[in-house]
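model the structure of this input:
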Amino acid sequence: MEKPKTFEEALDCILAEMRAIIISKNEDYGPGNIAAFGELGVLVRASDKIERLKTLLVRKRQPNHEGIDDTWLDLANYGVIAQMVRRGWWGLPMEGENE
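Okay, here's the model as predicted:
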């Protein structure tokens with residue numbers, strides 16, 4: 001990947017990665033895992049990601065599964081998910097589901 005030339009290009013690149021991940025995971029998991037516990041459940045999942053990051057960064061070791069960058073992106077996506085839950089948007093159908 002070519003290095004972005006501006007802050008806005010860098011932001012667009014990261015947001016595109018976040019979007020792809022959140023869509024892919026929603027396809028895999030569906031909305032039920034979040035809907036079952038709502039905003040508090042999102043907080044617990046975000047807390048799990050923070051603990052994972054603390055462990056990986058303090059021990060300075062390579063993870064066995066998802067990488068540090070993936071974990072940061074997941075944590076950011078939990079912020080997006082929380083906003084969707086708070087606005088009553090969580091659980092909307094994926095594009096093409098109603099066709």
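
where in this structure is pLDDT low?
Under the criterion pLDDT under 70, the flagged ranges of the chain are 99.

could you redo the last one with a cut-off of 50?
Residue ranges of the chain with pLDDT under 50: none are present.

which stretches of it form helices?
7-29, 32-35, 38-59, 68-86 (DSSP state H).

quick one: contacts of stretch 49-63?
With CB atoms under 8 Å, 6 or more residues apart in numbering as the test, stretch 49-63 has contacts from I68, T71, W72, D74, L75, Y78. No exception for glycine: its C-beta is placed from N, CA and C like everyone else's.

so what's the gap between that stretch and the chain middle?
Centre-to-centre, stretch 49-63 and its host chain are 17 Å apart (CA atoms, centre = their mean, to the nearest Å).

list the buried residues for it?
K49, R52, L53, L56 (16 or more other CB atoms under 10 Å).

in TSV: those residues, plus distance to W89.
What follows is the buried residues of stretch 49-63, written out as TSV (distance: CB to CB, whole Å):
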residue	distance to W89
K49	21
R52	27
L53	27
L56	31
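
which one of these is nearest to G32?
K49 (19.6 Å; CB to CB).

could you report the distance from the closest residue to that closest one other than its chain neighbours to G96?
Nearest residue to K49 in three dimensions, chain neighbours excluded: L75, at 4.4 Å (CB to CB, 6 or more residues apart in numbering). Computed as CB to CB, to the nearest Å, the L75 to G96 distance reads 28 Å.
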